[in-house]
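Participant: Sequence and predicted structure, then a few things I'm wondering about:
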2 protein chains.
Amino acid sequence: MNNPTAAMIVIGDEILSGRTRDSNMHYLAKELVKVGVSLKEVRIISDDQEEIILSTNELRKKFNYVFTSGGIGPTHDDITADSIAKAFKVKIGVRSDAKNLLNKYYKQNGIELNSSRIRMARIPDTAELIENAISGAPGFKIENVFVMAGVPSIFQSMVDVTLTNMKHGSPVKSKSIILNLPEGEIAEKLKAMASENPEFSFGSYPFLRDGMLGTDIVIRGHNVKTVEMLAQKVKETFSIKTESDDE
Amino acid sequence: MNNPTAAMIVIGDEILSGRTRDSNMHYLAKELVKVGVSLKEVRIISDDQEEIILSTNELRKKFNYVFTSGGIGPTHDDITADSIAKAFKVKIGVRSDAKNLLNKYYKQNGIELNSSRIRMARIPDTAELIENAISGAPGFKIENVFVMAGVPSIFQSMVDVTLTNMKHGSPVKSKSIILNLPEGEIAEKLKAMASENPEFSFGSYPFLRDGMLGTDIVIRGHNVKTVEMLAQKVKETFSIKTESDDE
């Protein structure tokens, strides 16, 4: 049983320069797990038309869905919508459905629809709008690509709208076991368990806490009972002290 | 004056599944700004040999430096070193220089060098070792690719070692001005300033705070005096209330 796959493109110089720490990727990753869509790749790229076109065209062919965040505002450095139109070789211009959404929102909130704001109604031909309850300006979906805002609260509300309308897979169940043992002590036995259970993934994630190396073992698979049984087996094998959450 | 460019590859299913929030990218981004290297792209990919080979070969040709994090430990899911060797079409095996480093560290700390740990001495031919003061097992540099650990404290110490030996550019100066105005109110004047000063970048980053949209303007360039002069001009143009840090 193969779940649908997805990629994300984070468009933003401010993240590459270390000024801002991206939070949209982490939000999307957690929401996709819940609906059984596998996030396979994330690219963080700069506000550059060629790079946006290149990444969009590579990833939309490789994965079932692509989500973008950032670059759909009213300023000169907001070039995502135009770049996506170029990637799909479709025209772009101010669309009346998008302008109506802006008009309605701005009227309600006493904001002037000036020429900069009208830029946010530039939407590629054939795209469907994604509504934005928070600040009016819509995102859009074109084929399998979902173009969304970079401001975290707006991004999140667009993701929530979007995922309810999407083909879902079977949610992956996981169980995590925290071991106070370094990976080097458990690697051999863990490898044996992983090769005996090829339908389940056995992730091994080292951490350093108070100067001591430990390991977080994460077992994943579609059958929740087997995941739990395997987690129990890991615990018994390594006679373990603490246990973390499951999802 | 063009600074050297860099890309990063974060290797880790645990980040794509939303279980862990990556912090290595943010650390590297900030350190690269300090030494004048421009981080141009980050890819977060899964623990998959083909994906590691593909991203490594694409990015090492496109940028001056590539940094990877994750997947160099002793467990079955640590496949980065072997994948990098394949990307470069060189042999890989247990190397005596790496084994000596492990031996020395483990002897000092009373740890057994078992068969799983010896796996961490598997280093591609022609690679130079990157020492790991924290847990012994080295990273490595092969041509322009730096392969480092995923555990944040170890990654950070490897970055610090690495950047001191690297060709640096001229650090980019930046100044940020926080405006309590939405982008839609400032876009036109900001665009004019940006096109009058093509050697400087004028980033515009919207935020939502207490239900109000605001904008963080970031001016970047090599000439610190002009950056400050332009920031002053932005402040005067929008008669602004608060100001944030510069770097």
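Facilitator: Alright, I've got the coordinates.

Participant: Distance check, the most centrally placed residue in chain A against chain B.
Facilitator: Nearest to the centroid of the C-alpha atoms of chain A, with distances taken as C-alpha atoms, centre = their mean, sits A:Leu28, at 3.3 Å. Shown here: A:Leu28 relative to chain B, a distance of 8 Å by C-beta to the nearest C-beta, to the nearest Å. In short, each C-beta sits where N, CA and C put it, glycine included.

Participant: same check, this time on A:Leu102
Facilitator: To chain B, A:Leu102 is 10 Å away according to C-beta to the nearest C-beta.

Participant: before we move on, what about A:Ser204?
Facilitator: 4 Å.

Participant: So that residue is in contact with B:Gly73, correct?
Facilitator: Yes: the criterion here is C-beta atoms under 8 Å, and A:Ser204 meets it with B:Gly73 at 7.2 Å.

Participant: Between the two, point out the one with more neighbours.
Facilitator: Under the criterion of other C-beta atoms under 10 Å in any protein chain shown, the comparison of A:Ser204 against B:Gly73 puts B:Gly73 first, with 28 against 23.

Participant: Test my guess that the more buried one contacts B:Gly136.
Facilitator: No: the pair B:Gly73 / B:Gly136 is not scored as a contact, 11.5 Å apart, by C-beta under 8 Å.

Participant: Find residues that contact each of A:Ser204 and B:Gly73.
Facilitator: In terms of C-beta atoms under 8 Å, 6 or more residues apart in numbering or on different chains, A:Ser204 and B:Gly73 are both contacted by the residues A:Glu183, A:Ala187.

Participant: buried stuff in stretch A:90-104?
Facilitator: Within stretch A:90-104, the residues scored as buried using 16 or more other C-beta atoms under 10 Å in any protein chain shown are A:Ile92, A:Arg95, A:Ala98, A:Lys99, A:Leu101, A:Leu102, A:Asn103.

Participant: Show me chain A divided up by domain.
Facilitator: Using automatic domain parsing, the domain ranges for chain A come out as A:5-164, A:173-237.

Participant: now the shortest one: mean pLDDT?
Facilitator: Read it as domain A:173-237. Averaged over domain A:173-237, pLDDT sits at 92.

Participant: Endpoint to endpoint, it covers what distance?
Facilitator: Domain A:173-237 has an end-to-end distance of 21 Å (C-alpha to C-alpha, to the nearest Å).

Participant: Would you pull up how far it lies from the middle of the chain?
Facilitator: Distance of domain A:173-237 from the chain centroid (C-alpha atoms, centre = their mean, to the nearest Å) equals 25 Å.

Participant: Can you pull out the residues in contact with stretch A:44-51?
Facilitator: Contacts for stretch A:44-51 (C-beta under 8 Å, 6+ apart): A:9-13, A:15-16, A:22, A:52, A:55, A:70-71, A:77, A:79, A:82-83, A:86, B:25, B:40-43, B:203.

Participant: Can you flag which of the residues you listed belong to helices?
Facilitator: A:Asp13, A:Ile15, A:Leu16, A:Ile52, A:Ser55, A:Asp82, A:Ser83, A:Lys86, B:Met25 (DSSP state H).

Participant: How much space separates A:Ile118 from A:Glu58?
Facilitator: With distances taken as C-beta to C-beta, to the nearest Å, A:Ile118 is found 32 Å from A:Glu58.

Participant: Correction: the previous question concerned A:Asn24.
Facilitator: Relative to A:Glu58, A:Asn24 is positioned 20 Å away (criterion: C-beta to C-beta).

Participant: between the two, who's got more neighbours?
Facilitator: Between A:Asn24 and A:Glu58, counting by other C-beta under 10 Å, A:Asn24 is the more crowded of the two (25 against 17).

Participant: per-residue pLDDT, that one?
Facilitator: A:Asn24 is assigned 97 on the pLDDT scale.

Participant: Could you list which residues are in contact with A:Thr237?
Facilitator: Residues near A:Thr237 by C-beta under 8 Å, 6+ apart: A:Lys189, A:Met193.

Participant: Look up the closest residue to A:Thr118, ignoring the ones flanking it.
Facilitator: For residue A:118 the amino acid is Ile, not Thr. A:Val94 (5.9 Å; C-beta to C-beta, 6 or more residues apart in numbering or on different chains).

Participant: If you could redo that for A:Leu163, that was the one I meant.
Facilitator: With C-beta to C-beta, 6+ apart as the criterion, A:Leu163 has its nearest non-adjacent residue at 5.5 Å, and that residue is A:Val35.
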